[in-house]
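Visitor: sequence and predicted structure below; questions after.
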Amino acid sequence: MIKQSFSNFKMFSNSRSFESSRDFARTDYAHALEHITTVRPLTFHQKLQQKTVNMSVFKDVDMAPPVAVFNLTARYKEDKDPAKVNLGVGAYRTDEGKPWVLPVVRTVESQMAADSTLDHEYLPIAGLKTFTEAATRLALGDDSPALLQNRAGGFQALSGTGALRLGIDFLSRFGKSKTVYVSDPTWPNHMAIGRDAHFTEIKKYRYWDDKTKALNIDGMLEDLRNAPEHSVVILHGCAHNPTGVDPKKEQWEQIAEVMAAKKLFPFFDIAYQGFATGDLDADASSVRLFVKKEFELFVSQSFSKNFGLYNERVGNLAIVTQDNDSLMRVQSQLEKLARPMWSNPPNHGARIVATTLNNPSLFAEWKEAIRTMSSRVISMRALLKQKLKQLNTPGSWDHITDQIGMFSYTGLTSKQVDFIIQKYHVYLMQDGRINMCAVTNSNCDHIAAAIHDAVTSC
Amino acid sequence: MALQNCAKSLVSAAFKHHHAKGVIYQSSTRASSIWSNVEMGPPDAILGVSEAFKKDKSPNKMNLGVGAYRDDNGKPYVLPSVRKAEDIIRSKNLDKEYLGITGLAEFTKASAILAFGDNCDAIKNKRNVTAQGISGTGSLRIGANFLSKFYPGVKEVWLPKPSWGNHTPIFKHAGIEVKQYRYYDPSTCGFDAKGAYEDISKIPENSIILLHACAHNPTGVDPKPDQWKELSQIIKSRKLFPFFDMAYQGFASGNIDNDAAAVRMFVNEGHNIALAQSYAKNMGLYGERVGAFTLICESEEEAKRCESQLKIIIRPMYSNPPLSGPRIASTILNTAELRSQWLTEVKGMADRIITMRSQLVENLKKEGSSHNWQHITDQIGMFCFTGLKPDQVARITEEFSVYLTKDGRISVAGISSKNNAYLAHAIHTVSK
């Protein structure tokens, strides 16, 4: 049933495809898709006919392509060059290039360790209530009409991925469409999630304009206008991954208008609240705008980056419905989906976030930490651009400071990327995405030199 | 209700007024919720028991529904070895960077050795892929998804009757049909060996069969070693794919090797099995979601291919697994003194449960019950299928505030030496 559905898997059916097949080819989604649609396990009867010595049931399982971002890190780890830099995976680094556990997280963990009333008992299926309520409030704002009317709630999930998967699984069963739209480009896992949740069509809406290195708002609006009614649309609430290009307020208004007219379902992916501008409310303004316009919507929230809790897998699916009764029913059905996936979510990380968000002084400390992280990123953007200008690197590099959040879509080609990795041991994604958080005062010169060399020689 | 409706209409009127002020967009979502056809999901049976228990004011109330260990004071028990491991970990000031998709290597390695033993050739020859999973559930689910995608045989899994309620939705959601083989004999409250052998002999060749490694949930009834051997033979002759669910290693008999005996015997006999492990109960790490999924493959090379495909399944589910719980488990398993301390604590939990069982039988005798309650001590693990009928269950809840599931299952872990006699009295009263 499931593997055969891959043959129904339509992509790009009537909306435009990638600028070029090259651009498509360099995404790791392409690699995954190619593998899935061209290689199928043999049927049992086909296998019966084969005369082979190896009778293992898994002998025809092919080696899957490695997940690009983890593979990049693996290659980086093996590299012995002292000047190596990993600009791949989206994790914050200090100016010393080190991971940073937020001081407020350490404080809360010490408190938790000293609290003998805490145990490791199961959380409810929907997670820790103090966490889901605080997380939902964080996204929607304390004064959100949806909260006041008791038609918004949360559901704890395994970080952003888990929240997306849960929400998309739900929509696949209970929504009015099996078509999901993602931005072009988008985080590759969006498409894998749509596929594994049995959406039959995964389409792209235009987003990144290669020429202007900015948002292709007209293309985006046109593609959404042409979307079948009730399609699910995954929107990056802020700090778009991988491009760093976010719609402006007026553009969000236009997007909302089109989506209302076509009854499209908004699914916001917010993995960087606070991280984009340094202001929690500003970063959630797109979601709040849609709530104000009375959309029913989902938000997947990740606390991996803004709390630095990457491996604790802390996430929330925020749900906004028309009325309280719908909210209750939706949450009850989410339980039926979460139970056979992970039963109940992990305790530790959610407790850290709940404690912090619900305590005013800890909350203030956390906001400080967010400002620290986001302003360091902003200053690195300025520094990199400055260095490239000093080198007289051809091209406009304004997009480095115009873009927002953790990543920068440099515009480097696949060939240039390979060149940079080979010669400079600077690791970045094939599509030219770099993690600005990993840029430091010490390595910025090296990175700028690498980019300059690649642009001038390739 | 009327007040609620009044409030609702006031709010919506206010809303409309606010909206009318500068409305630009036609609010088509206002007409009706897109969720109007979403039904309320059926309440969780076990959760329902806990909810009702909470509301009960009786001082004698007992919650025998929950599948979590309680100490002799009825309190949750955080293992001292766990606390020690946590202290060690905290002193290292480690970071919180992402794990790889298959999790913490020192944990998965140790987990495989715990399950299969130090002398397992399959593990020594690296024929296993062991991936960290979200406790038992998550490990079962990624295994089910993997089989759904890659198992070339019959995509049907045969569960013992009865089985843990969540097995069915796990496999169904992964796209595998669920069937049952006879397992529990209500007339003896024991293992229906004849029925199991008969049914399993008729399972279509190359299907998947799920087996509880030890401490069967919900019955507490496990096959004896010679019965396991017989099962292994039949399963081999039918070319079935064995998927073991081991959620209670150490917790059942108090001895980790005895509890893993069936799993190890199957591997020795040449079955290439799948295994889901949970550390929820045996390390008391319930909410930290510590588990592992293992696939025994034909070769190291095949294990690598299968691992790469497992990653493709895991990534769109939750990307990578949580670290804190497995770090605790790994610290315990890989530190000699902590490991022995842990083994003692697990035995302690198992022994308390075994004691509760025998005390309950004693107390039922004292009450003058004429029934045979031997199954209470024959059964093993956290749960016990008392043999009480639904009407007796309803009565015991009503009259004695003893809460258990309708099928007559009790969590022995919820009994203490203080309320054991009370429970015996209650059971006797409704069953005499």
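Guide: Happy to help now that I have it.

Visitor: from now on I want contacts and neighbour counts done on CA atoms only, so please keep to that.
Guide: Noted.

Visitor: return the helix or strand in chain B with minimum mean pLDDT.
Guide: Scoring the helices and strands of chain B by mean pLDDT, DSSP states H and E places helix B:2-22 at the bottom, with a mean of 49.

Visitor: what about residue A:141, neighbour count?
Guide: 19 (other Cα atoms under 10 Å in any protein chain shown).

Visitor: dump the residue contacts of it.
Guide: The contact partners of residue A:141, by Cα atoms under 8 Å, 6 or more residues apart in numbering or on different chains, come to A:281, A:288.

Visitor: how near is it to chain B?
Guide: Noted for residue A:141: a distance of 18 Å to chain B, by Cα to the nearest Cα, to the nearest Å.

Visitor: now do the strands in chain A.
Guide: A:10-11, A:85-86, A:152-158, A:179-184, A:201-206, A:208-209, A:214-215, A:232-236, A:265-270, A:297-302, A:314-320, A:407-409, A:426-427, A:433-435 (DSSP state E).

Visitor: what pairs with the fourth one, parallel or antiparallel?
Guide: When pairs are called by DSSP bridges, strand A:179-184 turns out to pair with strand A:201-206 (parallel), strand A:232-236 (parallel).

Visitor: quick one: the strands in the stretch 251-400 of chain B?
Guide: Under the criterion DSSP state E, counting those that start in this stretch, strands of the stretch 251-400 of chain B are mapped to B:274-278, B:290-296, B:383-385.

Visitor: picking that back up, now render the strands paired with strand A:179-184 as CSV, adding mean pLDDT and mean neighbour count.
Guide: Output for the strands paired with strand A:179-184, formatted as CSV (pLDDT from 0 to 100; neighbours: other Cα atoms under 10 Å in any protein chain shown):
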stretch, mean pLDDT, mean neighbour count
strand A:201-206, 98, 25
strand A:232-236, 98, 24
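
Visitor: any idea which element the closest residue to residue B:342 other than its chain neighbours lies in?
Guide: Nearest residue to residue B:342, sequence neighbours excluded (Cα to Cα, 6 or more residues apart in numbering or on different chains): residue B:81, at 5.6 Å. Using DSSP states H and E, residue B:81 falls within helix B:80-91.

Visitor: for that helix, buried residues please.
Guide: B:81, B:82, B:85, B:86 (16 or more other Cα atoms under 10 Å in any protein chain shown).

Visitor: same question for stretch A:284-295.
Guide: A:284, A:285, A:286, A:287, A:288, A:289, A:290, A:291, A:293, A:294, A:295.

Visitor: wait, doesn't the third one sit right on residue A:252?
Guide: Yes: with contact defined as Cα atoms under 8 Å, residue A:286 reaches residue A:252; the gap is 6.6 Å.

Visitor: next, count neighbours for residue 376.
Guide: All of this is about chain A. Close neighbours of residue A:376, defined as other Cα under 10 Å, add up to 20.

Visitor: my question was about chain B
Guide: Neighbours of residue B:376 under the rule other Cα under 10 Å: 25.

Visitor: one more: residue A:333?
Guide: Residue neighbour count, defined by other Cα under 10 Å, stands at 19 for residue A:333.

Visitor: how far away is the nearest residue to it once chain neighbours are set aside from residue A:170?
Guide: Of all residues not flanking residue A:333 in the chain, residue B:41 sits nearest, at 5.3 Å (Cα to Cα, 6+ apart). Using Cα to Cα, to the nearest Å, we find residue B:41 at a distance of 12 Å from residue A:170.

Visitor: quick one: common contacting residues for those two?
Guide: Shared contacts of residue B:41 and residue A:170, defined by Cα under 8 Å, 6+ apart, comprise residue A:333.

Visitor: next, format the strands paired with strand A:179-184 as JSON lines and append distance to residue B:230.
Guide: Formatted as JSON lines, those follow (distance: least, Cα to Cα, whole Å):
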{"stretch": "strand A:201-206", "distance to residue B:230": "49"}
{"stretch": "strand A:232-236", "distance to residue B:230": "52"}
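
Visitor: between the ones you listed, which one is closest to residue A:107.
Guide: Proximity to residue A:107, assessed across those by Cα to Cα, is greatest for strand A:232-236 (31.3 Å).

Visitor: how about residue B:370, what does it touch?
Guide: Residue B:370 sits next to residue B:432 when contact means Cα under 8 Å, 6+ apart.
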